[in-house]
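J.: okay, predicted coordinates and the sequence, questions at the end:
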Amino acid sequence: MSDAVSTIAVIAGAYLIGSVPSAYVIGRLVAGIDIRKYGSGNVGASNVSVHVGKKWVAPIALFDVFVKGLLPVYIGGEAVLDLGAATQTIAGLAAMCGHNWSIFLLFSGGRGISVGLGSIVGFGVPLFILWAAIPGILFSLTPWRDSAVGWLIATLLLPIWALWAGYGLWVAIYGIGFALITIIRRTTSGGFKESLLSYGELTPARLIWNRMVFDRDIASRDLWVHNRPSENT
Ligand SMILES: O=P(O)(O)OC[C@H](O)CO
């Protein structure tokens with residue numbers, strides 16, 4: 001196979017693997033629910049933990065981190081096909097796009113943090129430690145335990161960490177892509193008019209802020225993660 005064909009295959013394969021909706025499949029098979037209609041609506045491990053069961057967190061997270069996130073970056077890298085940093089970056093972002101806008105879920109999906117985590121490990125464990133340090137400290141050592149805020153700060157800083165630690169321009173571009181995808185995914189995470197009607201006290205600016213920074217429509221995390229379809233109607 002020529003390098004061009006391998007590059008296209010790795011990027012397309014990354015999008016398709018990223019699209020496999022592990023959290024959705026577990027929700028359907030184990031609890032008979034559409035996880036997109038419960039809690040945060042996120043097709044990810046933490047939403048399954050609340051609405052299906054904690055024991056499903058590990059298998060979903062392992063699949064999303066290692067198969068969706070790490071594998072495409074690893075296969076594109078020196079150890080396997082050696083297609084270069086540009087291909088690894090685009091493959092990592094394609095996997096995240098697949099997870100967030102899955103072809104198997106009519107372009108709905110998750111937020112991409114687990115997939116991003118796996119890809120960052122693929123670029124280098126020290127980069128992962130730099131990226132995860134702020135959310136880790138916020139969560140474990142301060143009263144500000146909102147992981148959504150921590151991951152947003154971490155992801156906005158990722159391009160700087162990548163350049164500072166010598167990972168090169170393409171890994172910094174991966175960081176910019178990750179940050180843009182996170183902001184787009186969060187701010188477009190649900191119907192805009194519907195949310196403004198459902199939560200009367202919200203202004204459009206506040207809704208956008210809540211979504212981008214806290215990854216939810218309303219201030220209360222507890223109410224948001226325990227949201228169920230019957231309570232929305
Ligand atoms: O960002 P996602 O879609 O990978 O989901 C994140 C997991 O639920 C862990 O919080």
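T.: Yep, it's here.
J.: contact residues of the protein facing the ligand?
T.: With C-beta under 6 Å from any ligand atom as the criterion, the chain comes near the ligand at residues 42, 44-47, 64, 110-115. C-beta here means a position set from N, CA and C on the backbone, and glycine is covered the same way.
J.: now do 5 Å
T.: Contact residues of the chain with respect to the ligand, defined by C-beta under 5 Å from any ligand atom, are listed as 44-46, 110-111, 113-114.
J.: what's the farthest-apart pair in the residues you listed?
T.: For the residues of the chain next to the ligand, the maximum inter-member distance is 10.9 Å, found between 45 and 111 (C-beta to C-beta).
J.: can you pull out the helices in this structure?
T.: Listed in chain order, the helices of the chain (DSSP state H) span residues 3-19, 22-26, 45-51, 57-62, 71-76, 85-100, 113-123, 125-141, 147-164, 169-187, 192-198, 204-209, 221-225, 229-232.
J.: go ahead and confirm residue 104 touches residue 17.
T.: No: taking C-beta atoms under 8 Å as the contact criterion, residue 104 and residue 17 are not neighbours in contact, 11.2 Å apart.
J.: mind listing what's buried in stretch 34-47?
T.: Neighbour-count burial for stretch 34-47, with 16 or more other C-beta atoms under 10 Å as criterion, is recorded at 35-36, 38-47.
J.: right, I mislabeled it, should have said stretch 45-61
T.: 45-49, 51-52, 56-57, 60-61.
J.: and the nearest residue to residue 33 once chain neighbours are set aside, how many neighbours?
T.: With C-beta to C-beta, 6 or more residues apart in numbering as the criterion, residue 33 has its nearest non-adjacent residue at 5.0 Å, and that residue is residue 27. For residue 27, the tally of surrounding residues (other C-beta atoms under 10 Å) stands at 24.
J.: how about the contacts made by residue 27?
T.: For residue 27, the contact set (C-beta atoms under 8 Å, 6 or more residues apart in numbering) comprises 33-35, 38, 48, 51-52.
J.: among those, which one lies nearest to residue 159?
T.: The nearest one, if we look at the contacts of residue 27 relative to residue 159 and count by C-beta to C-beta, is residue 48, at 30.5 Å.
J.: surely that closest one meets residue 36?
T.: No: with contact defined as C-beta under 8 Å, residue 48 does not reach residue 36; the gap is 11.3 Å.
J.: in this structure, which residue is most central in space?
T.: A centroid search over the chain (C-alpha atoms, centre = their mean) returns residue 112, at 1.2 Å, as the residue closest to the centre.
J.: if I look at it, what pLDDT would I see?
T.: At residue 112 the predicted local distance difference test score is 97.
J.: let me see the contact set for it.
T.: 96, 99-100, 178, 181-182, 185.
J.: nearest to residue 142 among these?
T.: residue 182 (21.4 Å).
J.: quick revisit: so can I have JSON lines of the residues of the chain next to the ligand showing distance to residue 202?
T.: As requested, the residues of the chain next to the ligand are exported to JSON lines (distance: C-beta to C-beta, whole Å):
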{"residue": "44", "distance to residue 202": "24"}
{"residue": "45", "distance to residue 202": "28"}
{"residue": "46", "distance to residue 202": "23"}
{"residue": "110", "distance to residue 202": "24"}
{"residue": "111", "distance to residue 202": "21"}
{"residue": "113", "distance to residue 202": "24"}
{"residue": "114", "distance to residue 202": "28"}
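J.: which of those lies closest to residue 217?
T.: Comparing the residues of the chain next to the ligand against residue 217 with C-beta to C-beta places residue 111 closest, at 14.2 Å.
J.: for the helices of the chain, which one sits closest to residue 215?
T.: Smallest distance to residue 215 across the helices of the chain (C-beta to C-beta): 3.7 Å, for helix 147-164.
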